[in-house]
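*Asks:* the sequence and its predicted three-dimensional model are supplied below.
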2 protein chains.
Amino acid sequence: MEYKTPQFFHLMQYAAAADGDVIDMVSGNPDWEPPEAIRKGLHRYADSDASEFQYPPSDGLKPLKHEIAERRAVDPDRIIITNGTGEANYLGMARGLESDRGDTCVLIDPVYPYYLGKTSMLGGQPRLVEANRDGTLDSADTCEAITDDTALVVLNTPNNPTGAVYDLEAIRAVVETAADHDALVVVDEVYDHFDLSGTFESALTLEADNVIVTSGVSKSMAITGFRVGYGIFPPALVDAAKTRHMLTNVTTSRPAQQAVYNAYRESTPAYYQAARDRLCGRIEAFTDGLDAAGAEYTTPDGGFYVLARFEGFPGTMDNVKTLIDEAGVAGMPGATFGTARAEWIRFALVTPRTAQAAERLVSYFDAR
Amino acid sequence: MEYKTPQFFHLMQYAAAADGDVIDMVSGNPDWEPPEAIRKGLHRYADSDASEFQYPPSDGLKPLKHEIAERRAVDPDRIIITNGTGEANYLGMARGLESDRGDTCVLIDPVYPYYLGKTSMLGGQPRLVEANRDGTLDSADTCEAITDDTALVVLNTPNNPTGAVYDLEAIRAVVETAADHDALVVVDEVYDHFDLSGTFESALTLEADNVIVTSGVSKSMAITGFRVGYGIFPPALVDAAKTRHMLTNVTTSRPAQQAVYNAYRESTPAYYQAARDRLCGRIEAFTDGLDAAGAEYTTPDGGFYVLARFEGFPGTMDNVKTLIDEAGVAGMPGATFGTARAEWIRFALVTPRTAQAAERLVSYFDAR
């Protein structure tokens, strides 16, 4: 397995070294405050008995598991608290690829690049299926790609990078076809609190025994560095995932688990609503700019990102660097996300300077 | 991969459900206070800017890496901060077993059971080599077991469960033989701060390009629940390990990293010396009891554990349960650690009631 410095890292270094002021729209780090209860929970934990600093149960603190179980309406025994949604995806994908179900992993293009990397690390072969032009799931094409070689399908809704929120019936079709071919489906719902359309439905509602749902609080609580996520497994699949979790990480960091538990208990829905409202305002400002710049885009129904295509200015690494140098706006080349959106550029709206970035793009493309 | 509830968990449940008072000598959780700087570091972190709550670099906070690099006298680029020593071992073992070096992993019996589990999870075949009767490394037998099929050797010094501190020349012989067969050697030094003999030397001093050294602060700072460890890789092997770390966990929890950095900066050697002195007192009290009970044992040169053999009372699960019920002392069956010490029982000295446990064992075996 060869190491490649991730492109976002390369771009952030390039942007940091640029002469002028650059607005960072590369990384997916929320720029807003976490719930106050996160800070309070850490303070409280810091003063707790030393025995609280020792190993929690491998699959997570019991109260935290119960809190999540209640919110997701599942049996707590199905939950593993993981080192972020990233580990939950690793555990879920391993359940498919370590089995004798086949070795192909169906992924949707544009694709979050870590899914490709995990597939390869776990010895699988990726098969990319193009999303619809608006980023939604093309369930007919996806179902057609599922064969007896398919061990696994990975879906992500709300989607990074397209901003699409998948229709539950489209997911159901894929899940049923996967079941026909003895394949698992991992549905990564880490942006579930950023459904801006009001139409998001969790794949948990399908109650399918081949579906693993992953999520976490990195985005919803604005604490990407804490690494608290979870996987919800079908009862027959959870034990082997617990074993892998234990053999990989032993357990998830306890200060972070405790702070997150505190935030679940003490935060209100208003916190999440404020984050959505903030994002909606930014999307409006940014897409107004894209309109003025003559770009093609789809208004995101969820998540943090806008994919845009500028006529005659494909989203190559060179052009993205040109935007950094000449417009002072840093995005991500579409080729980072597979082949389907290689001409596009992804902009992350997790900066308070989104409107200013839009103005800069308008000026830049006006002058071209 | 089948899930088995770990035996220590099973035993802790059994001990908790026992009628009488039971002294827990099962788990390896330090029972003493962490450095005060851990608590202070968490408080300080809880009040930091929200940007500090976002992703740290995947391979760890730079100041923490530099702190460790200075203490271990290695280039910081060779270090990955991991979710505990457990993840560091996973990354190190994967470097051997994912390669085309072979698929056999040489392990020393008695063996820390996670090494067996990781070997199997990573698709390898374990080959057990018995340690010397006093728990030290039998380098002749170990070297003989290394063949062209060998991808990996895993050593642990100071050793869990034997308490042996390996001689550097014995390690060197194994490392050189491994190199001759293109095999890697992972040396787990997580008990490095609990060398009670003054003879421990890190395998880093060999400066061998097939040696990966792992360690962490779970034991040394009495924070097993924080999950902060590290792997030190040869320059040619570090990049692929970084990739696996990123694809598995993205990064290690930041509150824990920050607290550990603070403890490195503000703690003094006196903290570690006090922990060693405490352990030495317990070992003396406990081995006095073992002498009085007529048990065979080796006084540990390092680590937290004493392995003991009681004539006519092999360390089976049944007998260990009998000790819980009738003596009020909970240990671990030797069969948990492979076959070489199946007749023995491991006692963890991380309880303030070590002397009382010794008295109980003396009374119990007197009365038998």
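*Replies:* Nice, thanks for sending it over.

*Asks:* what parts of the stretch 251-368 of chain A come near chain B?
*Replies:* A:251-256, A:259 (C-beta under 8 Å from any C-beta of the partner chain). In this view, the C-beta of every residue, glycine as well, is placed from N, C-alpha and C.

*Asks:* repeat that with 6 Å
*Replies:* Neighbours of chain B within the stretch 251-368 of chain A, by C-beta under 6 Å from any C-beta of the partner chain: A:253-256.

*Asks:* setting aside sequence neighbours, what's the nearest residue to A:Val250?
*Replies:* Distance criterion C-beta to C-beta, 6 or more residues apart in numbering or on different chains; nearest residue to A:Val250, sequence neighbours excluded, is B:Gly86 at 4.2 Å.

*Asks:* how about the strands of the stretch 1-150 of chain A, start to end?
*Replies:* A:23-24, A:79-82, A:104-109, A:125-130, A:150-156 (DSSP state E, counting those that start in this stretch).

*Asks:* enumerate every residue touching A:Ala69.
*Replies:* By C-beta atoms under 6 Å, 6 or more residues apart in numbering or on different chains, the residues touching A:Ala69 are A:76, A:79.

*Asks:* A:Arg101 now?
*Replies:* A:151, A:182-183.

*Asks:* of the residues you listed, closest to chain B?
*Replies:* Using C-beta to the nearest C-beta, A:Ala151 is the member of the contacts of A:Arg101 that lies nearest chain B, at 14.8 Å.

*Asks:* isn't that closest one right next to A:Leu97, touching?
*Replies:* Yes - using C-beta atoms under 6 Å, A:Ala151 is in contact with A:Leu97, at 5.3 Å.

*Asks:* out of those two, which sits in the busier spot?
*Replies:* The neighbour comparison of A:Ala151 against A:Leu97 (other C-beta atoms under 10 Å in any protein chain shown) goes to A:Ala151, with 28 against 22.

*Asks:* what is the burial count for the residue nearest to A:Val250?
*Replies:* 24.

*Asks:* show the pLDDT at it.
*Replies:* pLDDT for B:Gly86: 98.

*Asks:* could you do A:Thr5 as well?
*Replies:* At A:Thr5, pLDDT is 60.

*Asks:* how distant is the longest helix along chain A from the center of its chain?
*Replies:* Identified as the longest helix of chain A according to DSSP state H is helix A:269-292. Centroid separation between helix A:269-292 and its chain, computed with C-alpha atoms, centre = their mean, to the nearest Å, is 18 Å.

*Asks:* need the next SSE after it, C-terminal direction.
*Replies:* For helix A:269-292, the following helix or strand on the C-terminal side (DSSP states H and E) is strand A:296-297.

*Asks:* partner strands of that next one and their direction?
*Replies:* strand A:305-309 (antiparallel) (DSSP bridges).

*Asks:* so which residue is dead centre in chain A?
*Replies:* A:Val190 (5.0 Å; C-alpha atoms, centre = their mean).

*Asks:* hmm, that residue is touching A:Val217, no?
*Replies:* No - between A:Val190 and A:Val217 there is no contact under C-beta under 6 Å: 8.9 Å.

*Asks:* chain B: which of the strands of the stretch 1-150 of chain A is closest?
*Replies:* Going by C-beta to the nearest C-beta, the one of the strands of the stretch 1-150 of chain A nearest chain B is strand A:79-82, 8.7 Å.

*Asks:* average pLDDT for that closest one?
*Replies:* 98.

*Asks:* note down every partner strand of it and its orientation.
*Replies:* Going by DSSP bridges, the partners of strand A:79-82 are strand A:229-232 (antiparallel).

*Asks:* next helix or strand past the partner strand?
*Replies:* Assignment by DSSP H and E places the next element after strand A:229-232 at helix A:235-249.

*Asks:* and that next one, how far out from the chain's middle?
*Replies:* Centre to centre, stretch against its chain (C-alpha atoms, centre = their mean), the figure for helix A:235-249 is 22 Å.

*Asks:* in it, what's buried?
*Replies:* A:237-238, A:240-249 (16 or more other C-beta atoms under 10 Å in any protein chain shown).

*Asks:* export those to a markdown table and tack on pLDDT and distance to A:Gln13?
*Replies:* A markdown table is the format used below for the buried residues of helix A:235-249 (pLDDT from 0 to 100; distance: C-beta to C-beta, whole Å):
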| residue | pLDDT | distance to A:Gln13 |
| --- | --- | --- |
| A:Leu237 | 97 | 40 |
| A:Val238 | 97 | 40 |
| A:Ala240 | 95 | 39 |
| A:Ala241 | 97 | 36 |
| A:Lys242 | 96 | 38 |
| A:Thr243 | 95 | 38 |
| A:Arg244 | 97 | 34 |
| A:His245 | 97 | 33 |
| A:Met246 | 96 | 36 |
| A:Leu247 | 96 | 34 |
| A:Thr248 | 98 | 29 |
| A:Asn249 | 98 | 29 |
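
*Asks:* report whether the lowest-mean-pLDDT helix or strand in chain A contacts chain B.
*Replies:* In chain A, no helix or strand scores lower on mean pLDDT, DSSP states H and E than helix A:7-17, which sits at a mean of 82. No - using C-beta under 6 Å from any C-beta, helix A:7-17 stays clear of chain B, coming no nearer than 8.3 Å.
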